[in-house]
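Sequence and predicted structure, then a few things I'm wondering about:
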Amino acid sequence: MKKSMLVWFAAASMLWSVIVSAADVSLLNVSYDPTRELYRQVNAAFAAQWKAQHGDSVNVRMSHGGSGKQARSVVEGLPADVVTLALAYDIDAIADRGLLAKDWQKKLPNNATPYTSTIVFLVRKGNPKGIKDWADLVRPGIQVVTPNPKSSGGARWNFLAAWGYALKQPGGSEATARAYVKELYKHVPVLDTGARGATNTFVQRGVGDVLIAWENEALLAKRQLGGDTFEIVVPSITIVAEPPVAVVDSNVDKHGTRAVAQAYVEFLYSPQGQEIAAKNFYRPRSADVAARYASQFPATHTFTLGELFGDWRQVQAKFFNDGAIFDQLGPGS
Amino acid sequence: MRKRVLPGFGLSLGYAVAYLGLVVLLPLAALAWKASGIGLEGLVRLLSAPRTLAALRLSVGGAVVAALVNVVIGLLVGWVLVRYRFPGRRLFDALVDLPFALPTAVAGIALTTLYAPNGWLGRWLEPLGIKVAYTPLGVFVAMVFVGFPFVVRTLQPVLSSLERDVEEAAESLGAQRWQTFFRVILPMLAPTLLTGFALALARAVGEYGSVIFIAGNIPMRSEIAPLLIVQKLEQFDYAGAAALGVAMLLLSFGLLVLVSLLQRWSQRWAERSA
């Protein structure tokens, strides 16, 4: 009995060492929720490229979850080599704890955002309520589903898109933006904690007339459910949502993985990486790839966070911290 | 001296204390330590905010009402399961544990699917003007669900050890059915019912997983206190989150102390009526 246990143990440890030596490098990419499909393809393509160029196998492990929660896990010691989160504020929070340089967003092109998305509307088949633009969302009787900006990164983009729309209207000002957004959130029957939760509430539970969502999430929902249950409405103006990526300096130095981690994030900017992003409904930065997927991403007027609001630290303090604008607009203020 | 079952008073006490300290007190101390970062003024401001109060009212109020409902229904179900023999009794008995066994998120999603406006139950309730999913009523329904087994399971052993001849004696002395129930049976069950109440309450107050899916999370209306904690964490406000955690803990602790006082009082009541 003892002997056979020993044999098993030896066999298991041999198998383990074989696995370990075969996977020469291992990376951990800590990401947010809707990127599962995207990074599954990116990881396979990157591993093939790295193997061809360097002969080593790379095993990229993934961790997915709400963006804020993921950032917190990294702060608390999850050994991420690379973070790919929903908004820069969450990576700022990691930088604040000294795990990466404060100017991380300058280290990669395009604000360290290899792909973007935007905020669109998902409505029920045939668009029975005739929703075309932001103004329609606050018509009497319209119910809007969007998650809670206090707990969801995607919801913050939604909020800012709505605010920016109101600001950009003729005669728009802080005051009109405030009034519009206040009215908008009165039409929200459920504030889910995350973007996927809100999608489920709208799609599975049949709540609401319109879902404000990431474009990539809306396109994915439409593809998975078949095109005949929902329609996507692109509003006249919307925000460029920038989910950034970064190498976590102190972790890659500890693991000795800086070169491969750097190559991994740069791969996202390569033609192949851009192609994969576009296939997964993220708007590519490369004009070349964007041109080929133009039919998938209707043109619309957009503004960026930097143009209208400054950086995420300012936005967080002004809009979303406790007692800030979102709280002031809510009921109970 | 009579030999004890467990070896040595010193050893077993030491083990018990060390274990309690490691498993219960250490995390609590860490929580209190984190919370102290917010300062007294910050704590007062946090706890007096209308939104915090509304969330605490929903979480604690909902849990109290849910536990009360569970005590009544749990007593009925426990009684039926112990006293009557009917086909499928064992199956029903096993079903009682389901809320224990089900992962809370699964329970929450199942309840939401059921009570959503397009759900099996929701679609019939909606025309009647009753909205369950995404309202405080939904929070209450989920709390009843998770607390239910606690009452039944604490009650069952006591119910089966209840001597039937006491009831027969009451009856033969001319007691009405309601008199037998309220003056004989209930006093004997009261301490156990209170234990069940306390357990169901404690479970429901802090419940997140199953409640979060069915709560609408609208501030001041259908937002539970644990969600406020999660939101504070999203802002990396560890001190605020911990302070709210400590506040909930103290509130629950106060309620449990109250329950145990009631329990002692009910024991005396039981002894007096016996």
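Yep, it's here.

Could you tell me which residues of chain A lie near chain B?
Residues of chain A found near chain B (CB under 8 Å from any CB of the partner chain) are A:66, A:68-69, A:72, A:75, A:93, A:148, A:150-151, A:188-193, A:197, A:201, A:204-207, A:316, A:320-322, A:327, A:330-332. (C-beta placed from N, C-alpha, C; glycine too.)

Give me the buried entries from those.
Restricting the residues of chain A next to chain B to buried positions leaves A:66, A:68-69, A:72, A:75, A:93, A:148, A:150-151, A:188-193, A:197, A:201, A:205, A:207, A:316, A:320, A:322, A:327, A:330, with burial counted as 16 or more other CB atoms under 10 Å in any protein chain shown.

so of the residues you listed, which ones are in helices?
A:68-69, A:72, A:75, A:93, A:197, A:201, A:327 (DSSP state H).

Next, give me the two most distant ones among those residues.
A:V75 and A:T201 (29.6 Å; CB to CB).

ok, back up a step: closest one to B:L31 out of the ones in helices among the buried ones among the residues of chain A next to chain B, please.
Nearest to B:L31, judged by CB to CB, of those is A:R72 at 16.1 Å.

Just the pLDDT at the closest one, thanks.
You'll see A:R72 listed with a pLDDT of 92.

wait, isn't it in contact with B:F236?
Yes: A:R72 lies in contact with B:F236 (CB atoms under 8 Å); the separation is 7.1 Å.

intersection of neighbour lists for the two?
Common neighbours of A:R72 and B:F236, counting by CB atoms under 8 Å, 6 or more residues apart in numbering or on different chains, are A:A93.

Not counting residues beside it along the chain, what's closest to the residue nearest to the spatial centre of chain B?
By CA atoms, centre = their mean, the mean C-alpha position of chain B lies nearest to B:A200, the distance being 1.8 Å. Leaving out its chain neighbours, the residue that sits closest to B:A200 by CB to CB, 6 or more residues apart in numbering or on different chains is B:G147, at 3.2 Å.

On the three-state scheme, A:I212 is what?
strand (DSSP: H, G, I helix; E, B strand; the rest coil).

if I look at B:Q231, how far off is A:I325?
According to CB to CB, to the nearest Å, B:Q231 and A:I325 sit 15 Å apart.

who's more crowded, the two?
Shown here are B:Q231 and A:I325; by other CB atoms under 10 Å in any protein chain shown, B:Q231 has more neighbours (25 against 20).

pretty sure the more buried one contacts A:N148?
Yes: counting by CB under 8 Å, B:Q231 touches A:N148, with 7.4 Å between them.

Let me know the secondary structure of the spatially closest residue to A:Q316 that is not a sequence neighbour.
Spatially, and ignoring its direct neighbours in sequence, A:Q316 is nearest to A:Y89 (5.3 Å; CB to CB, 6+ apart). Assigned by three-state DSSP, the conformation of A:Y89 is helix.

residues near A:Y89, how many?
A:Y89 has 22 neighbouring residues, counting by other CB under 10 Å.

ok, now which ones touch it?
Residues in contact with A:Y89 (CB under 8 Å, 6+ apart) are A:153, A:312-313, A:315-316.

Now go through these and say which are in strands.
If you go by DSSP state E, those have nothing in strands.

for chain B, what are the low-confidence residue spans?
B:1-4, B:6-7, B:273-274 (pLDDT under 70).

can you tell me which of the contacts of A:Y89 lies nearest to chain B?
When the contacts of A:Y89 are compared for distance to chain B (CB to the nearest CB), A:Q316 wins out at 7.7 Å.

can you tell me how far the closest one sits from A:Q70?
A:Q316 is 17 Å from A:Q70, where distance means CB to CB.

where do the strands sit along the stretch 101-250 of chain A?
A:115-124, A:144-145, A:210-214, A:230-233, A:237-241, A:245-247 (DSSP state E, counting those that start in this stretch).

For the stretch 1-150 of chain B, which segments count as helices?
B:9-20, B:26-35, B:39-48, B:50-56, B:62-83, B:89-95, B:98-101, B:104-115, B:122-125, B:136-161 (DSSP state H, counting those that start in this stretch).

just the angle between the last one and helix B:62-83, please?
Right, the one you point to is helix B:136-161. 30 degrees (axes from the mean of the first three to the mean of the last three CA atoms, to 10 degrees).

Give me the angle between whichever helix or strand comes after helix B:136-161 and helix B:62-83.
Tracing the chain past helix B:136-161, the next element assigned as helix or strand by DSSP states H and E is helix B:164-172. With the same axes, to 10 degrees as the basis, helix B:164-172 and helix B:62-83 are set at 90 degrees to each other.

can you pull the buried residues of helix B:164-172?
Residues of helix B:164-172 classed as buried: B:167, B:170 (neighbour count, 16+ other CB under 10 Å).

That helix: how far from the chain's middle?
Relative to its chain's centre, helix B:164-172 lies at 33 Å (CA atoms, centre = their mean, to the nearest Å).

now B:F236: how far from chain A?
Here B:F236 is placed at a distance of 5 Å from chain A (CB to the nearest CB, to the nearest Å).

what about that residue, which SS state?
Assignment for B:F236 (three-state DSSP): coil.

And the residue nearest the centre of chain A?
Taking CA atoms, centre = their mean, chain A has its central residue at A:A86, 3.4 Å away.
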